[in-house]
Structure formats: C-alpha cells, structure tokens
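Novice: Everything below, folded, please.
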Amino acid sequence: MGFFELPESWGIDNRIQENKVNSFEGWVYKQRYKSEQARADNVIRVLSFPEFSPSGKQEMIKEFDYTHNLVTNDGEIFYAKQGAGETPSANEDFSTGFFDMGTTAYTEAETDTYNEYDVSGTSSISGSIQAFTSGYPKTNDTGDADNTGDAADAVSYAVNYSAAAWNDTDVEQGAIHDIATPVSTTKLLCVFSFTSFAKTSSDTLKVFVNHAFENQ
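Specialist: Numbers count the residues shown, from 1 in each chain. Down below sits the predicted model:
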C-alpha cells in the first residue's frame, strides 16, 4: 500500500485543528445546555404508554413534559447542612426519601409543608408515595438518557412507577419528602406542578428532579 503526501494548499493541519476546536466547543455547548436545563425546567416527566403498529406489534411510546420546582425553606436547610458536613435533622434529611404525586395544583410557597401540598387531605394519589429509584440521589446522572437535565453540578432525584403502581385521570402536582406515611407537618424538599395528564393502568411513569447550584 502506497502513501501520499497531500498538497500544502489543502491546509490539512489547519483543518484537523479546526475540527478539534469544533468538537470541543460542541461538547462545551452540550454541557452548558444540560446545566441550564437543570436550572430552568428541572423537573422531567416521562410517561410511557403502549401503541400498536398496523402489523399488530406493540411498542411503548414516550411522552416528555418539563416543568420547574420550588425548593422549600426546609430543603434549603438540608442543602446548607449537607454542604457544611453537618447531619440534617431526622425530619429534614432528604438523602433518602419519597416522591408523592397529587391531583390538585396550588400556588407553592417556600414555607410549605405537607399540609399545603396535600390540599384538604385529598390531593395525594393513593399508591404514588414511592421511594427514590435505587442509586438516587446522585450527580452527573448519565445512566438514564431520559434525564436530559442531568449535569456534573446537579443532584438528580428519580422515581420509576410501574403500570400497576397506581393510575389517575388528573395528575397535576408532585413533591419530595422523607417519610412513607406523611402527616400535615411533614417537611418537603421541593414541590412542583405539572400540566395535567393522566396515567392509566397500562402506563409507566418516570419523574426526575434536578437541583443545580451556581454563582450563588
């Protein structure tokens, strides 16, 4: 096999360098985009539902929706203690915890506890209080491509609901807390509202919450 020397007019060295720069800039842009998304629409809802092709083959179709959350005062205290290497109180330690889905959207406030979230004691959907997906919370959540809000400087929380876990025709709210059987005074890490959607007994649901901190 012969070897050929390309003409200098082709500027091959410059082209190689330009491609390296473009590749690096593309990577930087992707990381910046992911970081910005973790700060803006940082809650990602992935509803998967069955559809049948004309040939009769069943496939699961993914529907994505994005919203943002409000970290409560108790959530801020949790992060402050974590950053200082202190141990959060038992009723505000969200390093382990639970997602909770609700039917009634309301105007969130930083002082909220479960009393405000579970409007009139009827909003929380039975069966929706479920522990974080194994391995969460974690940073740089590259293990699940559905979490487009992951970032190296974002902590991600996730829950995976099976089709049989629960179903409801009007899902509008969500929260994270630290207990399987919350009461009115239970503290919240955060709370978020959805555009209303339905989860049927054939649908699976994943929810990601990404918390990022920068230039504070």
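Novice: quick one, what contacts the nearest residue to D178 once chain neighbours are set aside?
Specialist: Closest residue to D178 apart from its sequence neighbours, by Cβ to Cβ, 6 or more residues apart in numbering: G97 at 4.4 Å. In this view, the C-beta of every residue, glycine as well, is placed from N, C-alpha and C. Taking Cβ atoms under 8 Å, 6 or more residues apart in numbering, we find G97 in contact with A131, F132, Y157, I176, H177, D178, I179, L189.
Novice: what about the helices in the protein?
Specialist: Remark: helices assigned in the chain by DSSP state H are 12-39, 73-83, 114-117.
Novice: what's the last one packed up against?
Specialist: So that's helix 114-117. Where contact means 3 or more Cβ pairs under 8 Å, 6 or more residues apart in numbering; DSSP states H and E, helix 114-117 is packed against strand 168-177, strand 188-199.
Novice: Isn't A180 up against F132?
Specialist: No - applying Cβ atoms under 8 Å as the test, A180 and F132 come out as separate, 11.9 Å apart.
Novice: Looking at these two now, which is surrounded by more residues?
Specialist: Shown here are A180 and F132; by other Cβ atoms under 10 Å, F132 has more neighbours (21 against 11).
Novice: Now do the more buried one against D150, distance only.
Specialist: The gap separating F132 from D150 is 15 Å, by Cβ to Cβ, to the nearest Å.
Novice: before we move on, what about Y161?
Specialist: Taken as Cβ to Cβ, the span from Y161 to D150 is 20 Å.
Novice: out of those two, which sits in the more crowded spot?
Specialist: Ranked by neighbour count (other Cβ under 10 Å), Y161 and D150 place D150 first, with 26 against 21.
Novice: Which residue, other than its chain neighbours, is closest to that one?
Specialist: Closest residue in space to D150, ignoring its immediate chain neighbours: D141 at 3.8 Å, by Cβ to Cβ, 6+ apart.
Novice: That neighbour: neighbour count?
Specialist: Residues near D141, counting by other Cβ under 10 Å, number 25.
Novice: how deep is the closest residue to G75 other than its chain neighbours tucked in, by neighbour count?
Specialist: Distances taken as Cβ to Cβ, 6+ apart put L189 closest to G75, at 4.3 Å, once the chain neighbours are dropped. When counting by other Cβ under 10 Å, one arrives at 26 neighbours for L189.
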